[in-house]
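# task: produce atomic coordinates for the following.
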Amino acid sequence: MSNKTCLITGGSGFIGSSLIPVLLDKGYKITVLSREAEKTKQQFDNKIETITRIGAISGREHFDVVINLAGQGIADKKWSDKIRKQLRASRIDTTKDLIAYFERATEKPSVFISGSATGFYGLKGDEKLTEKSIGDKSFSSRLCKDWEAAAKKAEALNIRACYLRTGIVLEKDGGALTKMLPPFKFGLGGPMGSGKQFMSWIHRDDLVSMICHIIETETLSGPINGTAPTPVDNKTFSKALGKALNRPAFLPLPGFVLKLLMGDMGKELLLCGQRVIPEKAVSSGFEFKYSDIDEALNAILSK
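Numbering: from 1, shown residues only. Below you'll find the model as predicted:
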């Protein structure tokens, strides 16, 4: 059992809500940044502490681990100029506030895990992408680059910094799957566009385990791909989802409709995709519980 302390931003969200119980079981004392402090405490049976502002943290207060999961959902709304600014602010401003805390902290954290996404790599077709691959000039790539650049300032403070490039996180109580399930349940699901675009997915349980693995593996630093080792194309994913639900999955959603409805967001997130390989996680000895998309979806939807 650990007696270490952990600060988490975005702790009440889709990933944090699953991560925090695991860290509590490991003995961590957890503080969560939340605008709804009491509600967040109740969410975790009052087993955590909460703060409403990073600026309120004293330089004398120490956290062994800091995990930055804050950020407005990138696929929640069409990318207007206003939404693009909100997406940037919700990620980069919080990260800058954390760096400011690190700078004034008498004792620095031993590890800083900051969120990022596979969108970092941009629009690369079916090219296999590892942590060594570069991005492009697409909005999602530039957003992730700037987000990681803000977090990278922790390295100058001798803090082990890791940038978790998360893919499509699968579980039925949130994330992308909740948006996919309704049409598939009614037999109206199917591939998007050509169906050839790759989906770099990961079961939420594996992502939570990977975060714990990163905390405990001192040799890991820099970008780390938070994806399963077996990305699949959209057509294969749609077929697997239909099979898990015992529903047909052959009705395609034309690409031009997605572009019309969602603009650049539809193009970058739904029609292009990335084929991302978690090279660092695998080489560091991390073992996935779910490497097969059929097994992952069956486990999720049989609950």
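
# hmm, Ile214 is touching Ile113, no?
Yes - under the criterion of CB atoms under 8 Å, Ile214 makes contact with Ile113 at 5.8 Å. In this view, the C-beta of every residue, glycine as well, is placed from N, C-alpha and C.

# who touches both of those two?
162, 164 (CB atoms under 8 Å, 6 or more residues apart in numbering).

# low-confidence ranges in this structure?
1-2 (pLDDT under 70).

# leaving out chain neighbours, which residue sits closest to the most centrally placed residue in it?
Among the residues of the chain, the one closest to the centroid is Thr166, at 3.9 Å (CA atoms, centre = their mean). Nearest residue to Thr166 in three dimensions, chain neighbours excluded: Gly226, at 4.0 Å (CB to CB, 6 or more residues apart in numbering).

# and the helices in the stretch 151-300 of the chain?
For the stretch 151-300 of the chain, the helices defined by DSSP state H, counting those that start in this stretch occupy 176-185, 204-216, 234-245, 255-265, 279-283, 293-301.

# how about the stretch 1-150 of the chain?
For the stretch 1-150 of the chain, applying DSSP H, counting those that start in this stretch gives helices covering 16-25, 37-43, 81-88, 94-104, 139-152.

# now the fourth one: buried residues?
Think helix 94-104. In terms of neighbour count (16 or more other CB atoms under 10 Å), helix 94-104 has its buried residues at 94-95, 97-99, 101-102.

# circling back: same list, the helices of the stretch 151-300 of the chain, but as a markdown table with mean neighbour count please.
Output for the helices of the stretch 151-300 of the chain, formatted as a markdown table (neighbours: other CB atoms under 10 Å):
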| stretch | mean neighbour count |
| --- | --- |
| helix 176-185 | 16 |
| helix 204-216 | 20 |
| helix 234-245 | 20 |
| helix 255-265 | 15 |
| helix 279-283 | 18 |
| helix 293-301 | 19 |
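
# quick revisit: wait, the residue nearest to Thr166 touches Arg165, no?
Yes - Gly226 sits in contact with Arg165 when judged by CB under 8 Å, with a separation of 6.0 Å.

# overlap of the contact sets of those two?
Thr118.
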